[in-house]
Each structure stands twice: as C-alpha cells, then as structure tokens.
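>>> Kindly generate the corresponding structure for this input.
(one chain, ligands or ions: 1)
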Amino acid sequence: MSAEIIDGKAFAARIRGEVGSHVARLKQEHGIVPGLAVVLVGEDPASQVYVRNKGKQTVEAGMHSEEHRMDASVSEAEVIAMVERLNADPKIHGILVQLPLPSHMNSEIVINTISPAKDVDGFHISNVGLLGTGQKSMVPCTPLGCLMMLRDRFGSLSGQNAVVVGRSNIVGKPMFNLLLRDSATVTVAHSRTRDIEAVCRGADILVAAVGRPEMIRGDWVKPGATVIDVGINRVPAPEKGEGKHRIVGDCHFESCAEVAGAITPVPGGVGPMTIACLLANTLTACCRANRLPEPE
Ligand code: NDP
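Next up is the predicted model:
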C-alpha cells in the first residue's frame with residue numbers, strides 16, 4: 001500500500017473540539033447556547049443509531065440537544081406541526097428531520113417546512129438554490145466534510161480535476177457545487193456514464209458516492225490521486241461468523257490504496273465527518289441567528 005490514509009476520525013475529533021471551544025465562548029461571552037433538535041419518525045434501526053450518536057456528540061460539544069421521536073403511524077401533518085413548533089422555538093438553532101421518513105409522507109414537503117435558517121442538513125430547496133448559485137447557505141453535512149478534508153490536503157482546489165461518482169441530491173450534486181465553487185474542474189459520473197473507468201482515471205480528486213460495495217477498483221484510479229470514499233455498504237462477512245456483516249466503501253480499498261496518493265478508509269473516513277459538520281452547521285446557524293461572527 002502506498003497511499004496516505006486520511007484519518008477522518010481524528011479530523012472529526014478536531015472539528016468537534018473547535019466547535020466545543022466556540023460554543024464555550026458563546027456561552028461565556030453572550031449567554032447563548034446553540035440548540036439542535038432531531039426529529040425521528042418510526043423505528044428504523046440504522047436511523048436510531050445515527051440519532052443517538054448525534055445527540056451524544058451534540059451534548060459533548062456543550063450544545064442543547066432535543067430528540068423528538070414520533071410513531072411511524074403519525075400523519076405528515078403531525079410531523080409538519082412538530083417542525084413548525086421547532087421553527088418558532090428560540091432555543092433551537094438547527095432542525096434535522098432524520099430520513100428516510102415513512103413511505104406515507106412526502107419528504108420534500110416536510111423538509112421544505114423547516115426554516116431555511118435552521119436547516120442544518122442543507123436540504124431545504126432555498127439552501128439548495130443558494131448553494132447552486134454560489135451564495136451563502138447551509139451546506140449538506142457529508143459533502144461539507146469531504147470538502148474540509150480536501151481543502152486540508154490541497155490548500156486550494158483551484159484547477160484540480162475532480163470526478164464525483166453519483167448524482168444524488170444529498171451527496172453527489174452538493175459535492176459538485178462545492179468543488180465547483182472552489183474552482184475545481186468537475187465531472188459528475190453516474191449509472192449512464194460511458195467508460196466510467198476512463199472518466200475516473202482522469203481525476204486528481206475522486207469522490208465515490210455510489211452505494212455499490214467496492215465498485216471502484218485500483219485500475220480506475222490515477223496514480224497519486226486523492227480518493228474520498230463516501231460509501232457505507234453492509235456486506236456479508238462469513239469469516240466473522242454466520243450471519244455477520246462488515247462495512248465497506250464504494251471503493252475497493254486495498255487496490256485503490258496501491259495507486260492513490262491518499263484515501264479515506266471505510267469506516268473511519270467520511271462517516272465521522274458528517275456528524276462533526278452537523279455540529280459545525282448548528283453553531284453557524286446559531287451565530288447567524290444572533291448576528292455574531294461565524295466560525296471559520
Ligand atoms: P443514491 O442511491 O441516492 O445515489 C447513488 C448514485 O450513484 C446515483 O446517482 C446513481 O446513478 C449512481 N450509481 C449507481 N450505480 C452506479 C453505477 N454502477 N455506476 C455509476 N454510478 C452509479 O446514494 P447516496 O448518494 O444517498 O449515497 C451514496 C453512498 O454514500 C451510499 O453508500 C450511502 O450509504 C453513502 N452515504 C454516506 C454518508 C456518510 O455519512 N458517510 C451519508 C450519505 C450517504 P443514477 O442517478 O444514474 O441512478
């Protein structure tokens with residue numbers, strides 16, 4: 001293996017530490033405590049784990065944390081009423097509605113009910129439009145975490161050839177916009193892209209957000225490229241015992257690490273950055289709400 005391993009866990013711990021120090025100063029100098037509310041509808045086990053971790057890390061950063069659990073059978077109107085209550089609550093600066101929502105609800109309608117200023121996931125249509133037009137917005141946490149790691153490595157991304165594999169609204173498209181805003185030359189590849197291997201081989205920066213376990217192999221990677229693997233895929237791991245699983249990324253780690261200059265591991269790469277960015281976004285939202293200087 002020749003690639004440097006980008007330690008997302010350590011990076012995320014650093015960000016959380018910086019957020020925590022800023023929160024302590026806000027409290028001391030202005031008596032303000034940033035607040036994050038998470039709304040969880042239903043019993044999805046993965047969502048429950050995410051929400052628990054979010055709550056724990058929010059409290060560790062010195063913020064106010066609220067969890068609103070609602071039964072899977074509640075109506076869309078009841079979830080909207082909850083969001084509207086949180087919109088009006090001055091203790092709350094960030095609202096996150098955990099996705100996916102039960103199938104009888106329209107996620108877009110619910111998300112677009114969140115006040116754009118409190119939309120710390122950056123999924124409200126106003127924030128999507130602001131980001132797309134290069135204006136100040138709330139930025140989705142996972143692509144923001146990827147951008148932070150890339151800026152840390154490259155300094156300036158200007159002129160770098162970036163390829164994003166995946167065009168989802170939550171990862172691929174905002175990643176495209178963030179890289180473009182930093183003056184990279186960006187190609188977005190997807191399931192209809194022709195000769196995707198060759199497209200990927202042109203990348204100085206390769207971001208994989210596909211949801212296909214280990215799809216991207218070492219021979220798709222340009223020697224020395226930086227590979228950011230967003231994928232989180234559960235695959236059977238019979239070597240660990242019957243019915244056991246392990247988590248792999250969208251990149252085949254061993255072969256990509258032979259060729260890349262740097263690569264994020266899965267787990268321990270992009271994943272931990274997502275919650276760190278959620279805390280950073282909540283702090284930013286709180287500073288904006290109180291007309292105080294924003295964190296860098
Ligand atoms: P989506 O399923 O919404 O999007 C996947 C994208 O990959 C689509 O644009 C699709 O193309 C493209 N794609 C699928 N198959 C291929 C293929 N064979 N070749 C090329 N492109 C393909 O996924 P998400 O964006 O939500 O998530 C992507 C991955 O990131 C998942 O593994 C997810 O678990 C992970 N994730 C991790 C997070 C974290 O915190 N680290 C947060 C969010 C997601 P098309 O549009 O043409 O169908």
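>>> all helices in the chain, in order from the N-terminus.
Assigned by DSSP state H, the helices in the chain fall at 8-30, 45-60, 76-87, 107-111, 125-132, 141-154, 172-181, 196-201, 253-259, 270-289.
>>> distance between the worst-scoring helix or strand of the chain on mean pLDDT and the chain's centre?
Least confident helix or strand of the chain, by mean pLDDT, DSSP states H and E, is helix 45-60 with a mean of 92. Computed by CA atoms, centre = their mean, to the nearest Å, the chain-centroid distance of helix 45-60 equals 14 Å.
>>> helices and strands around it, which ones?
Other helices and strands packing on helix 45-60, by 3 or more CB pairs under 8 Å, 6 or more residues apart in numbering; DSSP states H and E, are helix 8-30, strand 35-41, strand 64-70, helix 270-289. Glycine gets a C-beta too; all of them are placed from N, C-alpha and C.
>>> so which of these comes closest to the ligand?
The ligand lies closest to helix 270-289 among the helices and strands packed on helix 45-60, at 3.6 Å (CB to the nearest ligand atom).
>>> tilt between that closest one and helix 45-60?
50 degrees (axes from the mean of the first three to the mean of the last three CA atoms, to 10 degrees).
>>> could you dump the helices of the chain to TSV with mean neighbour count and distance to the ligand?
Shown next, in TSV, are the helices of the chain (neighbours: other CB atoms under 10 Å; distance: least, CB to the nearest ligand atom, whole Å):
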stretch	mean neighbour count	distance to the ligand
helix 8-30	17	9
helix 45-60	15	9
helix 76-87	16	21
helix 107-111	16	12
helix 125-132	18	14
helix 141-154	21	4
helix 172-181	22	5
helix 196-201	16	6
helix 253-259	19	14
helix 270-289	24	4
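>>> rank these by pLDDT, which is bottom?
When the helices of the chain are compared on mean pLDDT, helix 45-60 scores lowest, with a mean of 92.
>>> export stretch 99-113 as PDB, just CAs?
Provided in PDB are the C-alpha atoms of stretch 99-113 (Å, rounded to 0.1, in the frame of the first residue of the first chain):
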ATOM      1  CA  LEU A  99     -34.500  10.500   6.600                       C
ATOM      2  CA  PRO A 100     -35.900   8.200   5.400                       C
ATOM      3  CA  LEU A 101     -39.400   9.100   6.500                       C
ATOM      4  CA  PRO A 102     -42.200   6.500   6.400                       C
ATOM      5  CA  SER A 103     -43.500   6.000   2.900                       C
ATOM      6  CA  HIS A 104     -46.900   7.700   3.500                       C
ATOM      7  CA  MET A 105     -45.100  11.000   3.900                       C
ATOM      8  CA  ASN A 106     -43.700  13.400   1.300                       C
ATOM      9  CA  SER A 107     -40.100  14.100   2.500                       C
ATOM     10  CA  GLU A 108     -39.800  17.100   0.300                       C
ATOM     11  CA  ILE A 109     -42.800  18.800   1.800                       C
ATOM     12  CA  VAL A 110     -41.600  18.000   5.300                       C
ATOM     13  CA  ILE A 111     -38.100  19.200   4.700                       C
ATOM     14  CA  ASN A 112     -39.300  22.400   3.000                       C
ATOM     15  CA  THR A 113     -41.200  23.200   6.100                       C
END
